[in-house]
Structures are given as structure tokens and as C-alpha cells.
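Engineer: please find the sequence and the predicted model below.
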Amino acid sequence: MRELTGGEAYRLEECLRQLAEHHNEVSTDFKGCYPKKPYAEILKSFEEDMGSGKARIAVIEEEERILGFCKISSCGDAGTVDYLIVLKEARGKGYGDDLFVWAMDGLKQRGASRIEVKVVAGNDAIRFYEKHGFRVCSLVLRKDG
């Protein structure tokens, strides 16, 4: 595992595509809505966030292919796990746990005492976060169109 450097965010596209496919399969109310922005726009925002120091990204890679990544950001005492994805083919090897530990350590180093993560309704990833002590504290309701 290592931290991504500036100019490398484009390498995360495969992971973002698989995440969007997963969301489109499991979302209880918004199937077919992902990604919400073009990949190029998302990746550009990642570069900007890293460049400004607002965010950090760690990757798991094998033979120069990124198998998963985690993006964290913080503002004051509030921290966020913005993304945590491991490609389907690489799951079950502890990569998600490794990225999660990196995220918690990184957010604590930045002074975050309250950490949040958003999970798409229907995504079984909620169990992963609950395993690590997170609990549902609110529901966000949305009406599109």
C-alpha cells in the first residue's frame, strides 16, 4: 500500500467504474444513476483535493494495477472516508481492512474526532463499516427530477 501522488488520479478510473456498476446493481432506489459525474471530472477533483492538501488517497496495487483505493478528507475535527473500494477480484485478502486502518490513522493524525462515511442504500458495505464500529446516525432522503 502506498499514497497516491499528484498526477496519478487517472489510474483510479477502473475502480470508479466498478464502484458505479456495483451501485447500479445494489441501489434500492437509484439504479442506473451512477456515476453522477463524468469520470474525468471526478478524477480532476481528486487531483485538486490532493493538491490543496484537503484529501489523501492510498492505493493497493499489484504489478502496476490498482486493485483498490481509499480517499479521505478532513476539515477541522470532522473527517470523511470519501471512497473505499476494492475490485471484486481482489476481495477477501484483507485489502479493505488495510485501507480502512490507513484511513482511520490518517484522519486521527489530521485531528478528526468525528468520522463519517456515506453508503448507498442497498450496499452491503454497511456491514463492513459496522464491523469497524460505525453506526447509522442519519438517513438522507433525495428526490431527483
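Structural biologist: That came in fine, so what should we check first? Numbering: from 1, shown residues only.
Engineer: helix or strand: which one has the closest residue to Arg65 other than its chain neighbours?
Structural biologist: Nearest non-adjacent residue to Arg65, counting by CB to CB, 6 or more residues apart in numbering: Glu14, 7.9 Å away. Where C-beta positions appear, they are placed from N, C-alpha and C, glycine not excepted. Assigned by DSSP states H and E, Glu14 belongs to helix 13-26.
Engineer: now the angle from the next helix or strand after that helix to helix 13-26?
Structural biologist: Where DSSP H and E defines the elements, the next helix or strand beyond helix 13-26 is helix 39-52. Calculated by axes from the mean of the first three to the mean of the last three CA atoms, to 10 degrees, helix 39-52 forms an angle of 120 degrees with helix 13-26.
Engineer: not counting stretch 109-123 itself, show me its contacts.
Structural biologist: Stretch 109-123 has contacts (CB atoms under 8 Å, 6 or more residues apart in numbering) with 22-23, 26-30, 74, 76-81, 84, 104, 107, 125-126, 129, 134, 140.
Engineer: for ChimeraX, what selects the buried ones among these?
Structural biologist: To isolate the buried subset of those in ChimeraX, counting by 16 or more other CB atoms under 10 Å, use the following:
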select :22,23,27,74,79,80,81,84,104,107,125,126,129
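Engineer: rewinding a little: any idea how far the residue nearest to Arg65 is from Thr5?
Structural biologist: Glu14 sits 18 Å away from Thr5, going by CB to CB, to the nearest Å.
Engineer: what's the most centrally placed residue in the chain sitting at in phi/psi?
Structural biologist: Centroid check for the chain by CA atoms, centre = their mean gives Tyr83 as the closest residue, at 0.7 Å. Torsion angles at Tyr83 (phi, psi; degrees, to the nearest 10) stand at phi -150, psi 140.
Engineer: and Gly7, what is it in contact with?
Structural biologist: Counting by CB under 8 Å, 6+ apart, Gly7 touches Glu47.
Engineer: and what about it, helix, strand or coil?
Structural biologist: coil (DSSP: H, G, I helix; E, B strand; the rest coil).
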